[in-house]
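1. Here is a sequence with its predicted model. Questions after.
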Amino acid sequence: MITRIRIHNYRSLVNFEISPKKGSLFLGVNGTGKSNVFRIFRAIQDLVCRKQRVGEVFSLSDCNKDLRDLQHTFEIDVEGYNGKFEYVLSVEHDERGKKARISYERLAHSGQTLIEYSAGDASLFRDDGSRGPEYPFDWSLSLLGAIIPRVENKKLTWFQNFLKSFLIVNLAPTHIQAETQKEDELPDRFFSNFPSWYRHHSQDQGFTVEVINDLRKVLPGFDSFRFEVFGEETRKLKVLWNSNDRIVEFFFEDLSEGQKALIVLYSLVIFASRPKGNPVSLFIDEPDNYLSLGEIQPWLNRLTESADEKDFQYFIVSHHPEIMNFLMAKPVGFLFEKSLDLVSRVRSIGLLKETNLPFSENFVRGTLEFEK
Amino acid sequence: MTIPTFVQVLCEDTQQWVFLRRFFLKRGIPAQKIRSNISPSGRGAGCKYVIDNLPKEVRWYRSNANKLRCCLVVAIDSDVSETVQKRKSEIEKALTDAGESMIDRTERVALLVPRRNVETWICFLLGQEVNEEAEYRHFEKESACFPAVDKIFPKCSLGCDSLIPSLAAGKEEIEKLFT
């Protein structure tokens, strides 16, 4: 579980630091930097897990406009492998924005360094603390992402897999088509690759059974999924619908946006709650966008109860009163604000002072007051 | 036995809600038909929130009970200094002040007053010896109540004499919803 996040000089996030719990709601008016936190997590995942070059992931325009600083810093602390991981990454740009390079990268576990990269030199350490090889390393790639799993670096492998288990989604059901050419382990930004993601994970029979059972309860008429084969690699995801005791088949893209969103959101929660070697972290930007009012709370219940029972972490960005009021019954979140200097300010949402109004009304009226 | 088509829950905190939602799911109510109105988090304010919101929830129930076959569940901890009867008197006063009549035995409105709080019920259902005066600590995970909910039916089928008094009273209230 992520226990601390610090981000410096990434868009509006300057000296930004939070200590999240198992569930976190990011609240704030538009443009206060909530989604920037998700954006940098995706950037780190692209850099480390998808092995992209730093210049493809970070650009000079990601630097804060008011801060004359050309370096981003990202730090996270993570509880896991019977200790605490500390990961630090610094990325530097040249003044013209032509080149980005990693200036520093370090992963430690319970105070013991596992890898360190600085000024072109990489140093590796084994799980037992002994010094491993040292060598010059390419500044455009993540050292953490380049290390191959071995028996002597199980801690580092655990952390690589932890980053790989981030499901970061800004759901846009319009982009989801039925066709899939290959299997995908991770969602893309808008989850337009849902059929490819489902194709990959449907090899876990327990997962598909659980998804189908849940969807039968929340989508009246839903029966199951089927992949129709078109050529060697191409498949199209079909949804089987029960209509007056006969089964009707639809291509996934023929569903309504709301139906697609429900299918995706329940699939994500069920996937996160399945037993795995590594815990999953869900990052969902405005999950409520396509859901009808009556669907939001049941999905939130499924999410919060599963996270509590199965120990996974979730982060949600939302403006929806239904989500605010529900999650703020037990304050789990952060309030984002922005000052005129284009810097996000964040404060932890605490116990609300006694009020007869729902949390969302206090939020809209600007009368949120927390216990000291 | 008839099953309500919509269950509205007015409660003090998320532990009560997780417990009650699990119970109604077990009783066959679909997840979309169980809805919460939980007190916004505030130290010690949960009870006041429930009492303040009760009249409008009762009004909603009464204007829809015939067409919807809905029901209302109100959960409010008795806490240590208050008796179950005192909490019920506060509820009655809130209704009277708002111009609503008392809750009738025939209405599908359940008033649950765990003593001292819902954690007492959970510990009892999990097989612990409990004292309704004592405070039982909050669980680290709210889902820790799931095994307790699963034991409600075997425990409650033994009759009210085998239950702690506030749970026995709660059982009778819940039965009203399914008649």
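-> That came in fine, so what should we check first? Numbers count the residues shown, from 1 in each chain, chains lettered A, B, ... in the order given.
2. next helix or strand past the longest helix seen in chain B?
-> Ranked by residue count and defined by DSSP state H, the top helix of chain B is helix B:46-68. Sequence order places strand B:70-75 as the next helix or strand after helix B:46-68, per DSSP states H and E.
3. Quickly run through the sheet partners of that following strand, with directions.
-> Strands that pair with strand B:70-75, judged by DSSP bridges, come out as strand B:6-11 (parallel), strand B:109-112 (parallel).
4. Check what contacts it and list those residues.
-> Applying Cβ atoms under 8 Å, 6 or more residues apart in numbering or on different chains, the contact partners of strand B:70-75 are B:4-12, B:16, B:20, B:50, B:54, B:57-58, B:60-61, B:64, B:91, B:108-114, B:118, B:174, B:177. Bear in mind the C-beta positions are built from the backbone N, C-alpha and C, glycine included.
5. just the angle between the longest helix of chain B and strand B:70-75, please?
-> Put simply, helix B:46-68 runs at 170 degrees to strand B:70-75, going by axes from the mean of the first three to the mean of the last three Cα atoms, to 10 degrees.
6. okay, and the helix or strand of chain B with the least pLDDT?
-> The helix or strand of chain B with the poorest confidence is helix B:152-156; it has a mean of 76 (mean pLDDT, DSSP states H and E).
7. Look up how far residue A:281 lies from residue A:163.
-> Taking Cβ to Cβ, to the nearest Å as the criterion, residue A:163 is separated from residue A:281 by 9 Å.
8. do the same with residue A:132
-> Relative to residue A:281, residue A:132 is positioned 28 Å away (Cβ to Cβ).
9. More neighbours: these two, which one.
-> residue A:281 (21 against 16; other Cβ atoms under 10 Å in any protein chain shown).
10. ok, that one - contacts?
-> When contacts are counted by Cβ under 8 Å, 6+ apart, residue A:281 touches A:1-2, A:162, A:165-167, A:312-315.
11. Nearest to residue B:141 among those?
-> Residue B:141 has its nearest neighbour among the contacts of residue A:281 in residue A:312, at 12.5 Å by Cβ to Cβ.
12. so that closest one touches residue A:306, yeah?
-> Yes. In this structure, residue A:312 is within contact of residue A:306 by Cβ atoms under 8 Å, at 7.4 Å.
13. what sits in contact with each of these two?
-> Listed as contacting both residue A:312 and residue A:306 by Cβ under 8 Å, 6+ apart are A:272-273.
14. which of those two has more neighbours?
-> Ranked by neighbour count (other Cβ under 10 Å), residue A:312 and residue A:306 place residue A:312 first, with 24 against 19.
15. what sits against the more buried one?
-> A:22, A:272-273, A:279-282, A:306.
16. how about a cut-off of 10 Å?
-> A:1, A:22-23, A:165, A:167, A:269, A:271-274, A:276, A:279-282, A:303, A:306 (Cβ atoms under 10 Å, 6 or more residues apart in numbering or on different chains).
17. could you say which helix or strand contains the residue in the stretch 101-250 of chain A positioned nearest to chain B?
-> Of all residues in the stretch 101-250 of chain A, residue A:217 sits closest to chain B, at 6.1 Å by Cβ to the nearest Cβ. Using DSSP H and E, residue A:217 sits in helix A:205-218.
18. So what are the sheet partners of the next helix-or-strand element following that helix and their directions?
-> Sequence-wise, the next helix or strand downstream of helix A:205-218 (DSSP H and E) is strand A:222-230. Next to strand A:222-230 in the sheet, as set by DSSP bridges, lie strand A:234-243 (antiparallel).
19. Can you show me the CA trace of the partner strand as PDB?
-> C-alpha atoms of strand A:234-243 as PDB (Å, rounded to 0.1, in the frame of the first residue of the first chain):
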ATOM      1  CA  THR A 234      -8.700 -10.700 -34.200                       C
ATOM      2  CA  ARG A 235     -11.600 -11.300 -31.800                       C
ATOM      3  CA  LYS A 236     -14.700  -9.200 -31.200                       C
ATOM      4  CA  LEU A 237     -16.200  -9.000 -27.700                       C
ATOM      5  CA  LYS A 238     -19.900  -9.800 -27.700                       C
ATOM      6  CA  VAL A 239     -22.400  -9.400 -24.900                       C
ATOM      7  CA  LEU A 240     -25.100 -12.000 -24.600                       C
ATOM      8  CA  TRP A 241     -28.400 -10.500 -23.500                       C
ATOM      9  CA  ASN A 242     -31.400 -12.400 -22.200                       C
ATOM     10  CA  SER A 243     -34.500 -11.000 -23.900                       C
END
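20. Can you list the buried residues in that strand?
-> By 16 or more other Cβ atoms under 10 Å in any protein chain shown, the buried positions in strand A:234-243 come out as A:235-239, A:241.
21. repeat for stretch A:293-302
-> For stretch A:293-302, the neighbour count (16+ other Cβ under 10 Å) marks A:295-302 as buried.
22. Please state the offset of it from the chain centre?
-> Chain-centre distance of stretch A:293-302: 20 Å, with Cα atoms, centre = their mean, to the nearest Å.
23. One more: stretch A:356-369?
-> Relative to where its chain is centred, stretch A:356-369 has its mean C-alpha point 28 Å off (Cα atoms, centre = their mean).
24. can you check stretch A:213-228 too?
-> The chain centroid and the centroid of stretch A:213-228 are separated by 26 Å under Cα atoms, centre = their mean.
25. Stretch B:99-109 now?
-> Computed by Cα atoms, centre = their mean, the chain-centroid distance of stretch B:99-109 equals 15 Å.
26. What residues of it count as buried?
-> Using 16+ other Cβ under 10 Å as the test for burial, stretch B:99-109 gives B:100, B:103, B:107-109.
27. Next up, the contacts around residue B:79.
-> Contacts of residue B:79 by Cβ under 10 Å, 6+ apart are B:44, B:46-47, B:86-87, B:113-117, B:135.
28. So it versus chain A, what's the distance?
-> Residue B:79 sits 16 Å away from chain A, going by Cβ to the nearest Cβ, to the nearest Å.
29. and if you look at residue B:145?
-> Residue B:145 is 10 Å from chain A, by Cβ to the nearest Cβ.
30. Show me which residues of chain B sit near chain A.
-> Within chain B, the positions adjacent to chain A are B:11-15, B:17-18, B:21-22, B:25, B:30-46, B:48-49, B:52-53, B:139-144, B:146 by Cβ under 10 Å from any Cβ of the partner chain.
31. Among these, name the ones in strands.
-> For the residues of chain B next to chain A, membership in strands holds for B:11, B:34-38, with DSSP state E as the criterion.
32. out of these, who has the most neighbours?
-> Going by other Cβ under 10 Å, residue B:11 tops those with 27 neighbours.
33. circling back: what's the helix or strand following the least confident helix or strand of chain B packed up against?
-> As assigned by DSSP H and E, the chain's next helix or strand after helix B:152-156 is helix B:165-177. Here helix B:165-177 touches helix B:14-26, strand B:70-75, helix B:84-97, strand B:109-112, helix B:118-125, helix B:152-156, going by 3 or more Cβ pairs under 10 Å, 6 or more residues apart in numbering or on different chains; DSSP states H and E.
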